[in-house]
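In: I need the structure of the sequence given here:
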Amino acid sequence: MSEQLKSQFTQRIIELQQRIDSIHQDFANGRAADWAEQAGERENDEVLNALESEAKIEIQQLSNAIARIDNGNYGICQQCGDEIAKKRLQVQPAAVMCIQCAQ
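Out: Prediction:
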């Protein structure tokens, strides 16, 4: 089971890194000379920056989850030491706390 999770997390990290690479490529393509188009592109840049930030955060969370799998701590609440519910891990695979401690 843990190898399957690591594989899923690794695949998701690869997908997120590809998204980041695509965002960087979009930025590298340059900007239009027209002022009206530049305004729209700036708004687009803000969205792309937010998507990149979210992807980097998820990559870090998944990398940490892989490390917890390797250490035998995956699925264990870092605050109280109880087991994190399977349903919680299905919804939020990188969860580090049980639902009680997270609240």
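In: hey, let's count contacts and neighbours off CA atoms from now on
Out: Will do.
In: Quick check: buried residues in stretch 82-94?
Out: By neighbour count with 16 or more other Cα atoms under 10 Å, stretch 82-94 contains the buried residues 84, 89, 93, 94.
In: Check what pLDDT residue 41 gets.
Out: Residue 41 carries a pLDDT score of 66 in this model.
In: that older thread, make a markdown table from the buried residues of stretch 82-94 and add pLDDT, secondary structure and distance to residue 72 to it.
Out: What follows is the buried residues of stretch 82-94, written out as a markdown table (pLDDT from 0 to 100; DSSP: H, G, I helix; E, B strand; the rest coil; distance: Cα to Cα, whole Å):
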| residue | pLDDT | secondary structure | distance to residue 72 |
| --- | --- | --- | --- |
| 84 | 96 | coil | 13 |
| 89 | 93 | helix | 15 |
| 93 | 91 | coil | 15 |
| 94 | 91 | coil | 14 |
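In: And this protein, split by domain according to the record?
Out: As recorded under automatic domain parsing, the domains making up the chain are 2-72, 74-103.
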